[in-house]
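Chemist: below: sequence and its predicted model.
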Amino acid sequence: MAKLFTLKKTERLKSRKQTEQLFREGKRFTLTPFRIYYLFNNDKNIVLQFGAGVSSKIFKKAVDRNRVKRLIREAYRLQKISLQEKLAEKNIQLNLFFIYTGNELPVYKEVFDKTGKVLEKLLLIAGEQK
RNA sequence: GCUACAAGCCAGGCUAUCGCAUCUUAUUAAUUUAAGAGGAGGAAAGUCCGGACAGCACAGAGCAAUGCACCGGUGAAUAGCCGGCCUCCGUCUCGCUUUAAGCGAGACGGUGAGAGAGAGUGCCACAGAAAAUAACUACCUCAGCAAUGAGGAAAAGAUGAAAACGUAGGGUAAGAGCCUACGGCCUUUGAUGGUAACAUCAUCGGCGGGUAAACCUUGCAUGCUGAAAUGCCACAUAUAGUAUCGUUUGAGGGCGGCUCGUCCGAGAUACAGGGUAGGCAGCUUGAUUCCCGCAGGUAACUGCGGGAACAGAUAAAUGAUAGCCCACGACAGAAUCCGGCUUACCGGCUUGUAGCUUUU
């Protein structure tokens, strides 16, 4: 039985090429502190790949950027399972990128709630896919 | 015990749950699974200096450019560090003259981009007659009844950050280092001491300011690029097209920039278009850091012996949540690696120095 709350290298969006493709061709929506980019594709083995980013213009200190990215990653790690299962069920793949657009350092609880809502929305979108 | 200063060290802790990258050992068809180990800083920051390392270059000359600028040491090296010299400032002590105050000597602390203003050019706010080869007032001579004019003259005057060596005497129409004595400063030469900067003494010549963090002059030094360096492997391809120039009548390129010179030399440039951007090495143990002992040195630092410690990501790990404790947690996140400098910063600990207080 594989562990549920993992977030390994393979589950992260790593390739520069894939990321550029995601920003170029992917769809997006905004949910207050986040802007989400997502793109469905069919040619990978990994079901769900994820990345997170923060603008260095908003957060000038590297410490703060790291903090935000870690919070997003943590919230995502704990809540992504249902989306992952749905995608596996439908046999489709999804690339996903979070960008934090808020101006102030977030609290964990807020990030957790919002990430949950984002994932719910993505679950709906995934449900409509064939 | 408290306060101030200086130097050094530390930079919340523990537990639970979930998680991340690396390495090791097992295990597996398989980075599959399991266990274990260690996993950001004193500044990791600014990128301001200096190196290591790598690639390219490694005939040369001139010019330009940049950097540095008292001396010695240290070190791989520096604009760092240590020690010294000098300038200026402050405090204290002593001596002399003495109303105040001033002068000299010494000690301590600080300060200085500390070569050259006697090569040239420029600049010096305000005030002031005048800010550099100075005549406004006052002074002297001459002309004139006078007003005033011509000339001499830097001794006196308000200003200013700075005013044309100081005092005394001679000298003169009045004056002036114009002359003399003493003193001050700069410079030449010599002697002595010191590795040297420099100091002391003698001596020649001189005394019309400051500014080189203004240009500049002098001396010395200096290849460029910077881990997105660079090497290898894999994958993919287009030795295609158009235009211009060119193959000994030499396109173009290298030699840090320019000029010359020199070497290579058959392709070069532009337009439009296509492919790749994955892995491994570099990559972390090194001029390393800390502790102890011995030795050398005023010190920075060095040598020898012993011990301990040291992350390695690559869309980028080192985390999240909860609870408890306390001094209630600042500045802040490695990206090739070191040595410095600078800047940011809540608090704690240790040592030393000074002052105050308490007790014996």
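Modeler: The structure has been received and is ready for your questions. All of these numbers come straight from a predicted model, not from anything done at the bench.

Chemist: show me where pLDDT drops low in chain A?
Modeler: Across chain A, the ranges flagged by pLDDT under 70 are A:1-10, A:13-18, A:20-21, A:24, A:41-47, A:129-130.

Chemist: so which bits of the longest helix seen in it are buried?
Modeler: Looking across chain A with DSSP state H, the single longest helix is helix A:108-128. For helix A:108-128, burial by neighbour count (16 or more other CB atoms under 10 Å) applies to A:111-112, A:114-115, A:118-119, A:122, A:126. The C-beta positions use only the backbone N, C-alpha and C, and glycine is treated the same way.

Chemist: could you pull out the helices for chain A?
Modeler: Going by DSSP H, chain A shows helices at A:16-25, A:62-79, A:81-90, A:108-128.

Chemist: of those helices, which is nearest residue A:48?
Modeler: Residue A:48 sits nearest to helix A:81-90 of all the helices of chain A, at 5.2 Å, using CB to CB.

Chemist: turn the helices of chain A into TSV, including distance to RNA strand B.
Modeler: As requested, the helices of chain A are arranged in TSV below (distance: least, CB to the nearest atom of the strand, whole Å):
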stretch	distance to RNA strand B
helix A:16-25	4
helix A:62-79	4
helix A:81-90	11
helix A:108-128	3
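
Chemist: next, format these as JSON lines and append distance to residue A:35.
Modeler: Formatted as JSON lines, these follow (distance: least, CB to CB, whole Å):
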{"stretch": "helix A:16-25", "distance to residue A:35": "11"}
{"stretch": "helix A:62-79", "distance to residue A:35": "12"}
{"stretch": "helix A:81-90", "distance to residue A:35": "18"}
{"stretch": "helix A:108-128", "distance to residue A:35": "10"}
